[in-house]
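K.L.:
below are the sequence and a predicted model; questions follow.
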Amino acid sequence: MLDEKDLQAIAQLMAQQKQEIIGELDIKLASQKKEIIGEVSTLMESYFEPKFNLLADGLAAVNEKLKALPDPDLMDKVQEELDLHHQLLKLHTKEINALKKAQ
């Protein structure tokens, strides 16, 4: 029959085995965690990278179009000149009509 000492020795052995098992599980879980993170990173990269590349290409195209637009100050000057030419056209039209009537 087992006495108190034997039961304590068995309990101690079981505690040691429990710690060893927990340690092995921790190592396995850490390894699986690294593996899962690597796989998720690969999936995310393969999913998002093409989309980000397309977005970057689209932004580059928009940026090129914006660079091609004329300078706003130049557009203001052109608009002022156009307004002046429009006023002169009206004035000359009135003068021509007046000259036609005078003939």
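P.N.:
Done, it's in.

K.L.:
helix or strand: which one has the most centrally placed residue in the chain?
P.N.:
Here the mean C-alpha position of the chain is nearest to the C-alpha of Phe52 (C-alpha atoms, centre = their mean), at a distance of 6.2 Å. Assigning secondary structure by DSSP states H and E places Phe52 in helix 4-68.

K.L.:
any idea of the mean pLDDT in that helix?
P.N.:
Helix 4-68 comes out with an average pLDDT of 94.

K.L.:
then stretch 89-103?
P.N.:
92.

K.L.:
gap between it and the chain center?
P.N.:
Computed by C-alpha atoms, centre = their mean, to the nearest Å, the separation of stretch 89-103 from the middle of its chain amounts to 63 Å.

K.L.:
residues of it that come out buried?
P.N.:
For stretch 89-103, a neighbour-count test (16 or more other C-beta atoms under 10 Å) marks nothing as buried. C-betas here are computed from N, CA, C, even on glycine.

K.L.:
CA atoms of that stretch as CSV?
P.N.:
Coordinates of each C-alpha in stretch 89-103 appear next as CSV, following Å, rounded to 0.1, in the frame of the first residue of the first chain:
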residue,chain,number,x,y,z
LEU,A,89,-15.8,94.1,-79.7
LYS,A,90,-19.1,95.7,-78.4
LEU,A,91,-17.7,99.2,-78.8
HIS,A,92,-16.4,98.5,-82.3
THR,A,93,-19.8,96.9,-83.3
LYS,A,94,-21.6,100.1,-82.1
GLU,A,95,-19.1,102.3,-84.0
ILE,A,96,-19.5,100.2,-87.2
ASN,A,97,-23.3,100.4,-86.9
ALA,A,98,-23.1,104.1,-86.4
LEU,A,99,-20.9,104.6,-89.4
LYS,A,100,-23.3,102.5,-91.5
LYS,A,101,-26.2,104.7,-90.5
ALA,A,102,-24.2,107.8,-91.3
GLN,A,103,-23.6,106.7,-94.9
